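Participant: would you be able to build a 3D model of this:
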Amino acid sequence: MKKFIFIFLLFFVKNIYSQNLKIGILNNLELDNFKVELLRGSYDVFADGKMIFEMRRNLQLSAKIYEDKIILYTKYKILGKFDTIYIKKKQNILRKLLFLKNFLKISLKNNFQKNRTYDDNLIFYLKNNKFVLINEIGFMNYIAGVVESESGSKCEFEYYKAQAILCQTYLLRNKNKHKKDDFNMCDGVHCQAYKGKNLNNKKIYKASRKFKKYIVVDEKNKFIDAVFYANCGGETCRAEDVWSNKISYLKPVKDTFCIHTRQAKWNKIISFKDWKNFLFEKVIPINDSIDKEKLNFKQKDSLLFSYFLPKKYPTNSIELLNEKQKDSLLFENSFFEQKNRRKNFEFFEEKIKLTNIRYFFKLRSTFFEIKNIENSLHFQGRGYGHGVGFCQEGAMEMAKKGFKYKEIIKFYYKDVNLKKNRNIEFKN
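Facilitator: Numbers count the residues shown, from 1 in each chain. From the prediction side, this is the model:
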């Protein structure tokens, strides 16, 4: 049965590698205008299925929205109003034989984002009167772009090998994550960070190309969920402590490699008032008949006191306290220690998921301790990210210390195997 599953996976992999991918790009910005410029190669511009323009070097093509249509124009003339634009690289056998690239630059007017460079093709159309942009791209070009976006350009070659294998394994498992949006993956952390073309380190593309046929599978020969993040703070998480499902290969790992790296520690101070607001909004159950928006601070405090304090203190003793004293009890119990990774903060016997605290306060991780000082909660944290699976900064340090890519992968994912199919064909 395992052999049958693996043969099916190899057939599936061969099929996906022979196709171009569609990656949704820059769509979180809700763009209403941008410019496209040819940097290398040659491209034709198709509008609503018809070729209307041949792009030339140093000539910008601008797009903006007008009356539910795309206005396409250059510095010299308006090309027309359209629904869908497809900027497609020309097929050139000589360029392909010489491994010469075709790529475009997208310039964003009046935007804090930097301009982006993309390999291969570009598609855009309108949805809800905003642009939808899609980078249609070859598999290896995409993987190299993701590896640089996720890792930077100054890592060891062994690290790039490991990250490339994991990025392509993640893609193969999740290639239809945005099927409803008419593309495979987005360019944000919802999928994999992708900021465009691999520009700054040739080793990244070399690693992506050399290990393009490798995938990571579990004991049942299924693609692993190759999740990764910046820094675990010294210990990775169980999958079930962050998400709902238990996954055999995503187990806690003590990681001493990342503890002195750039994102290993963080601090944040939160007012006691904001902490109480979290408890009120996300923890205590409120009767549907109560309109929370109409409650004042005193009424909210009263609900908090009546819910939490009786869990730890006798009711008759609580009744003797004034509001300030009750508030002090709530504050005094708002400390939390976490020497090893935990799932919950047990606050007055109430189990509060650390993930809920993290998302509410936009914390870097769930690996934190809380000290209550001068009417504020001081969060002292470790790591950056969800903490499940591959710790990027830890893996970078492992590569610096001489560990090989297989050792790095198997350190963070337990009981997994790397598989290779020599018969896979790739398209770029």
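
Participant: in this protein, which residue is closest to the centre?
Facilitator: Centroid-nearest residue in the chain, with C-alpha atoms, centre = their mean: V189, separated by 1.6 Å.

Participant: and it, what element?
Facilitator: Using DSSP states H and E, V189 maps to neither a helix nor a strand.

Participant: what distance do you get for it to A207?
Facilitator: 22 Å (C-beta to C-beta, to the nearest Å). Heads up, the C-betas are built off the backbone N, CA and C, glycines and all.

Participant: any idea which helix or strand carries Q325?
Facilitator: helix 323-332.

Participant: which strands or helices does that helix pack on?
Facilitator: Using 3 or more C-beta pairs under 8 Å, 6 or more residues apart in numbering; DSSP states H and E, the elements in contact with helix 323-332 are helix 297-308.

Participant: got the contact list for K414?
Facilitator: Contacts here follow C-beta atoms under 8 Å, 6 or more residues apart in numbering; on that basis K414 touches 248-251, 253.

Participant: go with 6 Å
Facilitator: 249, 251 (C-beta atoms under 6 Å, 6 or more residues apart in numbering).

Participant: any idea what it is structurally, helix, strand or coil?
Facilitator: Counting by DSSP: H, G, I helix; E, B strand; the rest coil, the backbone at K414 sits in coil.

Participant: next up, the contacts around T261.
Facilitator: Residues touching T261, when contacts are defined by C-beta under 6 Å, 6+ apart, comprise E393.

Participant: scratch that, Y249
Facilitator: Shown here is Y249, whose contacts under the criterion C-beta under 6 Å, 6+ apart are 218, 224, 413-416.

Participant: could you do T236 as well?
Facilitator: When contacts are taken as C-beta under 6 Å, 6+ apart, T236 is in contact with 252-253, 387.

Participant: what is the nearest of the contacts of Y249 to L39?
Facilitator: Each of the contacts of Y249 was scored against L39 by C-beta to C-beta, and I224 proved nearest at 36.3 Å.

Participant: what pLDDT does that closest one get?
Facilitator: The predicted local confidence for I224 comes out at a pLDDT of 95.

Participant: would you confirm that it contacts V216?
Facilitator: Yes - I224 sits in contact with V216 when judged by C-beta atoms under 6 Å, with a separation of 5.0 Å.

Participant: identify the contacts common to those two.
Facilitator: Common neighbours of I224 and V216 (C-beta under 6 Å, 6+ apart) are V416.

Participant: for G402, see how far away K154 is.
Facilitator: As it turns out, when the distance is counted by C-beta to C-beta, K154 lies 17 Å from G402.

Participant: and if you look at F368?
Facilitator: Separation of F368 from G402 (C-beta to C-beta): 32 Å.

Participant: of those two, give the one with the bigger neighbour count.
Facilitator: F368 (24 against 9; other C-beta atoms under 10 Å).

Participant: what helix or strand is the nearest residue to that one once chain neighbours are set aside on?
Facilitator: Taking C-beta to C-beta, 6 or more residues apart in numbering, and ignoring the residues beside it in sequence, F368 has G381 as its nearest neighbour in space, at 3.8 Å. Using DSSP H and E, G381 falls within strand 376-382.

Participant: show the average pLDDT along that strand.
Facilitator: Confidence over strand 376-382 (mean pLDDT, whole number) is 98.

Participant: partner strands of that strand and their direction?
Facilitator: strand 265-271 (antiparallel), strand 368-373 (antiparallel) (DSSP bridges).

Participant: got the domain boundaries for this protein?
Facilitator: 1-20+141-225+397-428, 22-137, 265-382 (automatic domain parsing).

Participant: end to end on the last one, go ahead and measure it.
Facilitator: When the termini of domain 265-382 are compared using C-alpha to C-alpha, to the nearest Å, they are 4 Å apart.

Participant: right, and Y86 touches I123 too?
Facilitator: Yes - using C-beta under 6 Å, Y86 makes contact with I123 at a distance of 5.2 Å.

Participant: quick one: the helices in the chain?
Facilitator: For the chain, the helices defined by DSSP state H cover 2-17, 93-97, 139-151, 157-174, 202-210, 239-242, 272-278, 297-308, 315-318, 323-332, 354-361, 392-400, 405-412.

Participant: which one, of the ones you listed, ends up nearest to F82?
Facilitator: F82 lies closest, by C-beta to C-beta, to one member of these: helix 139-151, at 26.5 Å.

Participant: now do the closest one against helix 202-210, angle only.
Facilitator: Between the direction of helix 139-151 and that of helix 202-210, the angle (axes from the mean of the first three to the mean of the last three C-alpha atoms, to 10 degrees) works out to 130 degrees.

Participant: for helix 139-151, packing partners?
Facilitator: Under the contact definition 3 or more C-beta pairs under 6 Å, 6 or more residues apart in numbering; DSSP states H and E, helix 139-151 sits against helix 157-174, helix 202-210.

Participant: residues in contact with E30?
Facilitator: Under the contact definition (C-beta under 6 Å, 6+ apart), the residues listed for E30 are K130.

Participant: whoops, L279 was the one
Facilitator: L304.

Participant: from L21, how far out is it?
Facilitator: For L279, the distance to L21 (C-beta to C-beta) stands at 44 Å.

Participant: same deal with E54?
Facilitator: 25 Å.

Participant: who has more neighbours, the two?
Facilitator: The neighbour count for E54 versus L21, taken as other C-beta under 10 Å, is higher for L21 (22 against 12).

Participant: so how far is stretch 217-229 off the chain centroid?
Facilitator: When C-alpha coordinates are averaged (C-alpha atoms, centre = their mean, to the nearest Å), stretch 217-229 and its chain have centres 17 Å apart.

Participant: name the residues that touch that stretch?
Facilitator: Outside stretch 217-229, the residues within contact range by C-beta under 6 Å, 6+ apart are 2, 5-6, 166, 169-170, 172-173, 216, 249, 385-386, 388-390, 392, 415-417, 419.

Participant: in ChimeraX, how would I select the buried members of those?
Facilitator: Selection command for ChimeraX covering only the buried members of the contacts of stretch 217-229, criterion 16 or more other C-beta atoms under 10 Å:
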select :6,166,169,170,172,173,216,249,385,386,388,389,390,392,416,417,419
